[in-house]
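Participant: Show me the folded form of this:
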Amino acid sequence: MNWHLVLVVGVSVLQVIAVISYVRGMVSGTTRPNIVSWFLWECALLIALAAQLSAGASWSAVILVTALIVDGAVLCVAFFGYGYKKFGITDGVCLFLSLAAILLWALTDNPLVALVFAIFADATAYVPTMVKAFRDPFSETASTWLLSAVAGFLSILLATTADFANLAFPVYYVFINLVVWYGAFFGQRRIKI
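Facilitator: Numbers count the residues shown, from 1 in each chain. Purely as a prediction, here's the structure:
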């Protein structure tokens, strides 16, 4: 059996398990996602996927595809009353960066520029969730973020070409998800003690 296929299935399964856990938390009222962040993540993921495909994507693009699907599922559930809407300065900056990524890519015809801006925009969208995870750790499902980080690590292994286009997003994805996991997990443990 092709080891790429095994890892692709592994990444996809981890992302699906992560979102099921997250949605279960949303429905039970313990997890409260920021709708604006999740929408902006979808925008940044679309840009990153298009840029990576344009730059010569390998199997590592699977994390982007599965993240688009599972984040879209969370966003849909959030719109039905299970999320909260706050549009602050950070959200506006992230939206601007997402649009700038598309514009810069169109102007420069350089997918790597778009990928850098998409990662920056995605990271900016994480800021409200990271702050919330540290301030209100029970508002996040820690296991979701850890599973997403593991899926990101597996997609690093999927890269058939070790270049910026194939590794930038998966490496970033591992790091950013571990930050949210750390805030939620250790915050929950600190409060329980």
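
Participant: And stretch 167-180, what's buried?
Facilitator: By 16 or more other C-beta atoms under 10 Å, the buried positions in stretch 167-180 come out as 167-174, 176-180. Backbone N, C-alpha and C define where each C-beta goes, glycine included.

Participant: Tell me which other helices or strands the helix or strand of the chain with the lowest mean pLDDT touches.
Facilitator: In the chain, the helix or strand scored least confidently by mean pLDDT, DSSP states H and E is helix 89-108, which has a mean of 75. Counting by 3 or more C-beta pairs under 8 Å, 6 or more residues apart in numbering; DSSP states H and E, the packing neighbours recorded for helix 89-108 are helix 35-54, helix 111-135.

Participant: Tell me how far it lies from the chain's centre.
Facilitator: 17 Å (C-alpha atoms, centre = their mean, to the nearest Å).

Participant: In PDB, list the C-alpha atoms belonging to it.
Facilitator: The C-alpha trace of helix 89-108 is given here as PDB (Å, rounded to 0.1, in the frame of the first residue of the first chain):
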ATOM      1  CA  ILE A  89     -10.100  45.400  14.800                       C
ATOM      2  CA  THR A  90      -8.200  42.000  14.600                       C
ATOM      3  CA  ASP A  91     -11.000  40.500  12.500                       C
ATOM      4  CA  GLY A  92     -11.000  43.600  10.200                       C
ATOM      5  CA  VAL A  93      -7.200  43.400   9.800                       C
ATOM      6  CA  CYS A  94      -7.500  39.600   9.000                       C
ATOM      7  CA  LEU A  95     -10.200  40.200   6.400                       C
ATOM      8  CA  PHE A  96      -8.100  43.000   4.800                       C
ATOM      9  CA  LEU A  97      -5.000  40.700   4.700                       C
ATOM     10  CA  SER A  98      -7.000  37.900   3.100                       C
ATOM     11  CA  LEU A  99      -8.200  40.300   0.400                       C
ATOM     12  CA  ALA A 100      -4.700  41.700   0.000                       C
ATOM     13  CA  ALA A 101      -3.400  38.200  -0.500                       C
ATOM     14  CA  ILE A 102      -5.700  37.600  -3.400                       C
ATOM     15  CA  LEU A 103      -4.800  41.100  -4.900                       C
ATOM     16  CA  LEU A 104      -1.100  40.600  -4.500                       C
ATOM     17  CA  TRP A 105      -1.200  37.200  -6.000                       C
ATOM     18  CA  ALA A 106      -3.200  38.600  -9.000                       C
ATOM     19  CA  LEU A 107      -0.800  41.500  -9.400                       C
ATOM     20  CA  THR A 108       2.500  39.600  -8.900                       C
END
